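Asker: structure of the sequence below:
(chains A and B)
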Amino acid sequence: MTDVTAEHAPERTAARSAFDAAAMAARVAKRRAAEWRFQAYGIAAISFGLFCVLMLFGVIISKGLPAFWQSAIQLDVALDPAVVDAAGARSHDDLMAADYESLIRAALYKKLGIAPEDAAKTALADDLVSSGADVDVRQLVLDNHAVIGTTQRIWLLTHDTVDAVLKGAIDRKVPESNRQIKDQQLAWVDQLVADGAIKSGFNWGLFTRGASSKPETAGLGVAAIGSFFMMLTVLLVAVPLGVAAAIYLEEFAPKNRWTDLIEVNISNLAAVPSIVFGLLGLAILINFVGLPRSASLVGGLVLALMTLPTVIIAARAAITAVPPSIRQAALGIGASKMQSIFHHVLPLAMPGILTGTIIGLAKALGETAPLLMIGMVAFVVDYPKTPMDPATALPVQIYMCRRRRSEALLSARPAPPWCCCCSCWR
Amino acid sequence: MVDPLTIPHHNGANGAVNGSQSKIAARVAAVDCNVYYGDKHALKNVSVSVPDRAVMAFIGPSGCGKSTFLRCFNRMNDTIVGCRVTGKITLDGEDVYDPKLDVVQLRQRVGMVFQKANPFPKSIYDNVSYGPRIHGLAADKAELDQIVETSLKKAGLWDEVKDRLKEAGTGLSGGQQQRLCIARAIAVGPEVILMDEPCSALDPIATARIEELIDELRLNYSIIIVTHSMQQAARVSQRTSFFHLGNMVEEGETQQIFMAPTDKRTQDYITGRIG
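Answerer: Prediction:
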């Protein structure tokens, strides 16, 4: 460096740095503004998403919350042995066939102070208690024969009209001729509520009962069990097959045209509409193989076929992500290929495989279209004991419930209150 | 142990290029070995014999085929798609590529330590005990504990980890991880240990410890080490082979290769003109 340049250097560098500082400050400001804007977009997007989610949950929960409560009426039912077990042999068939409804009615008339001969009033009173309440009384007798001949204080389900009144779903100001519940019934209901004989309790039946034509005795129990059996089938069929296929494709298969074709096909299958799998299930599993319609096994197999590509793709990605150094280390100390895969690669790939499995299962749990095709829209009352018994599924139950609610609106019958939690919009 | 360097040796028939043949027993040997990656001819007609209970170093510039040749001895090239090996490679006289020979058994007898330490993501104990367990070398847990302790002691790691055998192997420092990998390799009781640039990712102090370890190990095992560092080759090995562009240019006793190389390419590499 010469003296000349050394003299000018400080001035030049000073001038350059002054110019640079202004330009650089402008650039920095611009960059910061851009970063702030990007952050703002992100926050706005997340806020909007959260707002929509909160709205959705808020509406569903507020409309559906009343479904978790159900009103019951307390009656002193005299279990007259002449009615319950006329033969005196305590045989199961006799006890099942007894006329418990008449006993309930007798207790009700006594409570309300109606004479059994007053036909007009008894007709109105009968509508206060659920017609399915006799099942509960019957169960009480079957569980404990000793109660026959005694008077038991039992809580029985009220009719769904009464339930609707207590939840405020029926407008009292509407003239009587247009209303579901008559003035006399309203007066009785108010009286019983004041006496504490009608109470609202937690509706456990929502989770334990099956389908029913009476709204107050309907529940999600059967649908829940059906969905559970189907998920079990999907888990047992799709996951081992999918993981094994992924291991083969990643570790053992030669890389040639055929394996490329297989990979493309698997990716395509992941995008096939679910109703097509329903058609497949209908054509092959039900028509060709002859499995029973509406069984959760069939539903599970169809959903397993649907979940298989998702599991394979996720498992392949997880296995590829395992670093080759681990495989080399395992082979280097004399592990066979199978040992290196099952002792080292799979455990490391497990988190990714499980993520794929959970995503696949969650998607399958909510699928309705294929289940409609294979006939799981049946009206199932009893619990399925095995996967071969007829059952229904939770999303299908929502669909059926919505359908019946629409029908109920058309026929001016009150819809089951708990259906509100499935469909909130008219 | 007798120092292999003091054993009298005589020149081979092909003269100086092939170096002098040692009189002690060869553990592994290669005759006319060629390796192809697809169409690329990576290793051309390499013949070498590795003596027992000694360290042999493979030196040469990057891409000359040293690691490829090293991987031939325990058939790790089988895992590379499109790799083809011809020629005869023997371990104690048995052909390594004989279809009747079980490759899993071979890899138990010929262990390998890689360039980057790759302990399993398990505990230190499980890292070392995995090999003996799958080969059935221990009858019960007490024997397995014994094998683990012996291997870690031989690898010079026992004092540092004896209180934390259940901790993850990946939680150790780089040098410790490499020593763990060496312990894992010797736990299965090999006859030959192949080391592919074991110290290239380590600092000088860790490197020095590993070189000490190699010095102790050579009393019981036959070791082949691939290294980029000529100083390391000079320090640890008794015999050295120089590779260049897929050919084995010169092979002989370490002192002779470094003090008085016969081939010009070797001379150029050692003085730093190539590579």
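Asker: contact partners for the nearest residue to A:Thr151 once chain neighbours are set aside?
Answerer: The shortest distance from A:Thr151 to any residue that is not its chain neighbour, by CB to CB, 6 or more residues apart in numbering or on different chains, is 4.6 Å, and that residue is A:Ala78. The C-beta positions use only the backbone N, C-alpha and C, and glycine is treated the same way. A:Ala78 is in contact with A:Leu103, A:Ala106, A:Ala107, A:Thr150, A:Thr151, counting by CB atoms under 8 Å, 6 or more residues apart in numbering or on different chains.
Asker: quick check: the most centrally placed residue in chain B vs chain A, distance?
Answerer: Most central in chain B under CA atoms, centre = their mean is B:Leu194, positioned 2.1 Å from the mean C-alpha point. According to CB to the nearest CB, to the nearest Å, B:Leu194 and chain A sit 9 Å apart.
Asker: surely that residue is in a strand?
Answerer: Yes - counting by DSSP: H, G, I helix; E, B strand; the rest coil, B:Leu194 is part of a strand.
Asker: in the sheet, who's paired with it?
Answerer: For B:Leu194, the beta-bridge partners are B:Met112, B:Ile224 (DSSP bridges).
Asker: picking that back up, top of the contacts of A:Ala78 by neighbour count?
Answerer: Neighbour counts for the contacts of A:Ala78 peak at A:Ala107, which has 24 neighbours (criterion: other CB atoms under 10 Å in any protein chain shown).
Asker: next, the residue lying closest to A:Ser325 once chain neighbours are set aside: phi, psi?
Answerer: Closest residue in space to A:Ser325, ignoring its immediate chain neighbours: B:Asn118 at 4.0 Å, by CB to CB, 6+ apart. Backbone geometry at B:Asn118, expressed as degrees, to the nearest 10, gives phi -130, psi 70.
Asker: span of stretch B:119-129 from start to end?
Answerer: By CA to CA, to the nearest Å, the extent of stretch B:119-129 from end to end equals 12 Å.
Asker: residues in contact with it?
Answerer: Counting by CB under 8 Å, 6+ apart, A:326, A:329-330, A:344, A:348, B:130, B:138, B:144, B:147-148, B:151-152, B:161, B:164-170, B:172, B:177, B:180-181, B:183-184, B:187 sit against stretch B:119-129.
Asker: of the residues you listed, select the buried ones using a PyMOL command.
Answerer: The following PyMOL selection, which keeps only the buried ones among these, applies the criterion 16 or more other CB atoms under 10 Å in any protein chain shown:
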select buried, (chain A and resi 326+329+330+344+348) or (chain B and resi 130+138+144+147+148+151+152+161+165+169+172+177+180+181+183+184+187)
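Asker: doesn't A:Glu216 belong to a strand?
Answerer: No - the assignment for A:Glu216 (three-state DSSP) gives helix, which keeps it out of a strand.
Asker: ok, the closest residue to it other than its chain neighbours to chain B distance?
Answerer: In space, not counting the residues next to it along the chain, A:Glu216 is nearest to A:Asp160; the distance is 4.3 Å by CB to CB, 6+ apart. Distance of A:Asp160 to chain B, computed by CB to the nearest CB: 59 Å.
Asker: kindly report the same for A:Ala253.
Answerer: A:Ala253 is 12 Å from chain B, where distance means CB to the nearest CB.
Asker: please, which helix or strand holds the nearest residue to that residue once chain neighbours are set aside?
Answerer: Closest residue in space to A:Ala253, ignoring its immediate chain neighbours: A:Thr259 at 4.7 Å, by CB to CB, 6+ apart. Here A:Thr259 sits within helix A:257-269, counting by DSSP states H and E.
Asker: flag every buried residue along that helix.
Answerer: Within helix A:257-269, the residues scored as buried using 16+ other CB under 10 Å are A:Ile266, A:Leu269.
Asker: what comes into contact with that helix?
Answerer: Contacts with helix A:257-269, where a contact means CB under 8 Å, 6+ apart, come from A:Leu249, A:Ala253, A:Leu308, A:Pro309, A:Ile312, A:Ile313.
Asker: stretch A:124-136 too?
Answerer: With CB under 8 Å, 6+ apart as the contact definition, stretch A:124-136 has outside contacts at A:73, A:75, A:100-101, A:104-105, A:108-109, A:112, A:114, A:154, A:156-162, A:182, A:184-185, A:188-189, A:212, A:214, A:216-217.
Asker: same question for stretch A:100-115.
Answerer: Taking contacts as CB under 8 Å, 6+ apart, the residues outside stretch A:100-115 that touch it are A:73, A:75-80, A:83-84, A:116, A:121-122, A:125-126, A:128-129, A:131, A:133-134, A:137-138, A:141, A:156, A:188, A:191-192, A:197.
Asker: now for B:His193, how many residues are close by?
Answerer: I think there's a mix-up here, since residue B:193 is Ile and not His. If you count neighbours by other CB under 10 Å, B:Ile193 ends up with 24.
Asker: ok, it touching B:Ala185?
Answerer: Yes - under the criterion of CB atoms under 8 Å, B:Ile193 is in contact with B:Ala185, at a separation of 6.0 Å.
Asker: shared neighbours of these two, which are they?
Answerer: Residues within reach of B:Ile193 and of B:Ala185 at once, by CB under 8 Å, 6+ apart, are B:Gly111, B:Met112, B:Val113.
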